[in-house]
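**Q** Build the 3D model from these lines:
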Amino acid sequence: MFEKLNLVVLDHRDPTQNMSRFYVLAIEPSLFGDATLVREWGRIGKPGRRRVELHENEGRAVESLENWLRRKQKRGYRIRAGGSI
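**A** Below you'll find the model as predicted:
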């Protein structure tokens, strides 16, 4: 369980609108071993907001990650090259 790191780092930049945002999706174990999807977002260079979603198993957490990824890509976010934060 949780053998591979499930992490996606996205950003959305538009200098004409002074927009420079990030969005991070990560699957991590909770203290009790359940699967969680951690979402963090905000302006690049500033502290962001963070939400943790609990899921029954890792498969459900992956489904949720994929859904959020599709939503964010529709809004103009792109996967950051190298995927690092």
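
**Q** Can you show me the helices along this structure?
**A** 58-74 (DSSP state H).

**Q** hey, what's residue 79 bridged with?
**A** With DSSP bridges as the criterion, residue 79 is bridged to residue 10.

**Q** so it makes contact with residue 22?
**A** No: using C-beta atoms under 8 Å, residue 79 makes no contact with residue 22, being 11.4 Å away. Using the backbone N, CA and C atoms, a C-beta is placed for each residue, glycine as well.

**Q** shared neighbours, the two?
**A** The overlap between the contact sets of residue 79 and residue 22 (C-beta atoms under 8 Å, 6 or more residues apart in numbering) consists of 9, 10.

**Q** Compare those two and say which one has the larger neighbour count.
**A** Using other C-beta atoms under 10 Å as the criterion, residue 79 and residue 22 rank with residue 22 on top: 20 against 13.

**Q** Give the closest residue to the residue most central in space within the chain in space, chain neighbours not counted.
**A** A centroid search over the chain (C-alpha atoms, centre = their mean) returns residue 25, at 1.5 Å, as the residue closest to the centre. Take residue 25 and drop its neighbours on the chain: the residue closest to it by C-beta to C-beta, 6 or more residues apart in numbering is residue 8, 4.5 Å away.
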